[in-house]
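K.L.:
Okay, predicted coordinates and the sequence, questions at the end:
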Amino acid sequence: MKMKSFALALALLLSPLAARADVGEFPIKADDGTTIANHSVGVDLVDRIEKLQNIVVAANPDGKITLHEFYDLNCPYCRKASDDIDALVRANKNLRLVLVPFPVLGIPSILAARVEYGVNKLSSPQDAYKFHRKVYEGRGTIEDNRAFAAAQAIGLDIVEVRAKASDEAFSKIMTEHVRLGDALGIQATPGLVIGGVAIVGYPGKAALTKVIAAVEKCGKVIC
């Protein structure tokens with residue numbers, strides 16, 4: 001399992017994301033007042049996200065507004081975003097959340113993503129989301145041991161999770177995630193796709209709330 005994960009990590013590290021000068025196509029201000037990197041993305045690319053394997057419709061599956069979240073389990077900004085986004089989806093039933101694993105920060109992230117893959121294969125979307133929230137608890141690096149502990153904490157059989165996590169399809173599936181993230185111009189995590197726009201990095205809860213409200217009101221990130 002670790003050797004396969006190492007091979008995938010090496011492949012990802014040797015295939016850097018395409019360069020993109022992104023100073024903010026739309027005037028989306030982060031909570032600190034700076035313009036957050038963002039750019040339009042084609043409908044075809046958004047449709048491709050929904051066709052990926054190993055994504056989780058984590059909240060409000062019937063919501064009219066979709067937020068795709070590309071994340072790495074070892075990204076501290078993703079950890080913060082997860083708390084805020086959880087609050088937002090609980091408060092707004094129109095906000096549909098789709099989790100897209102994007103393990104690009106090294107071998108621990110790949111190992112944790114393997115376990116998450118096993119969890120996703122065995123669980124309902126609701127339980128997969130419980131795992132996602134559980135694994136972010138605490139501090140420090142998230143790798144396979146910590147991810148297995150989170151899986152056990154939500155009631156899953158570790159032997160079964162380990163078997164699913166060893167699936168040879170994992171490397172190909174995660175490579176597809178990273179390639180699509182590249183095509184979307186996601187050069188930092190978290191990468192958020194909403195209203196036909198990719199937001200690169202986390203703008204903060206207040207800024208994201210404004211974006212969601214705008215998309216809900218007029219279908220655009222800025223009305």
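P.N.:
Everything's here; your move.

K.L.:
wait, doesn't T141 sit right on P108?
P.N.:
Yes. Contact status for T141 versus P108: in contact at 5.1 Å, counting by CB atoms under 8 Å. In short, each C-beta sits where N, CA and C put it, glycine included.

K.L.:
Quickly list what's touching both of these two.
P.N.:
Contact criterion CB atoms under 8 Å, 6 or more residues apart in numbering; residues shared by T141 and P108: N74.

K.L.:
Specify which residue of those two has the higher count of neighbours.
P.N.:
Neighbours were counted for T141 and for P108 using other CB atoms under 10 Å; P108 has more, 22 against 13.

K.L.:
The more buried one and G140 touch, don't they?
P.N.:
No. P108 sits out of contact with G140 when judged by CB under 8 Å, with a separation of 10.0 Å.

K.L.:
Just give me the neighbour total for C223.
P.N.:
C223 has 11 nearby residues by other CB under 10 Å.

K.L.:
who touches it in this structure?
P.N.:
Here C223 is in contact with 214, 217 (CB under 8 Å, 6+ apart).

K.L.:
Flag every buried residue along stretch 92-111.
P.N.:
Under the neighbour-count criterion of 16 or more other CB atoms under 10 Å, stretch 92-111 has 92, 95-105, 107-111 buried.

K.L.:
And stretch 48-63, by the same measure?
P.N.:
Buried residues in stretch 48-63 (16+ other CB under 10 Å): 49, 52, 54-60, 63.

K.L.:
Can you flag which of those belong to strands?
P.N.:
Among the buried residues of stretch 48-63, the members falling in strands (DSSP state E) are 56-59.

K.L.:
Of those, which is the nearest to A81?
P.N.:
Using CB to CB, A58 comes nearest to A81 of those, at 12.9 Å.

K.L.:
In contact with A198, which residues are there?
P.N.:
38-41, 184-186, 191-192.

K.L.:
Which SSE is immediately downstream of the host helix or strand of it?
P.N.:
Per DSSP states H and E, A198 falls inside strand 197-200. Later in the chain than strand 197-200, the nearest helix or strand by DSSP H and E is helix 205-218.

K.L.:
Show me what that following helix is packed up against.
P.N.:
Applying 3 or more CB pairs under 8 Å, 6 or more residues apart in numbering; DSSP states H and E, one finds that helix 205-218 contacts strand 65-71, helix 76-91, strand 191-194.

K.L.:
which stretch among those comes nearest A149?
P.N.:
helix 76-91 (16.5 Å).

K.L.:
quick revisit: kindly give a single ChimeraX line that selects the buried subset of the contacts of A198.
P.N.:
ChimeraX command restricting these to the buried ones, with burial defined by 16+ other CB under 10 Å:
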select :38,39,41,184,185,186,191,192
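
K.L.:
Need the contacts of A198 in CSV (columns: secondary structure and distance to L67).
P.N.:
Shown next, in CSV, are those (DSSP: H, G, I helix; E, B strand; the rest coil; distance: CB to CB, whole Å):
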residue, secondary structure, distance to L67
N38, strand, 14
H39, strand, 17
S40, strand, 16
V41, coil, 13
L184, coil, 14
G185, coil, 17
I186, coil, 14
G191, strand, 11
L192, strand, 6
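
K.L.:
quick one: which of the contacts of A198 is nearest K205?
P.N.:
Out of those, the member with the shortest distance to K205 (by CB to CB) is L192, at 12.2 Å.

K.L.:
in the sheet, who's paired with the nearest residue to that closest one once chain neighbours are set aside?
P.N.:
Distances taken as CB to CB, 6 or more residues apart in numbering place I199 nearest to L192, at 4.3 Å, with adjacent residues excluded. For I199, the beta-bridge assignment (DSSP bridges) gives partners N38, L192.
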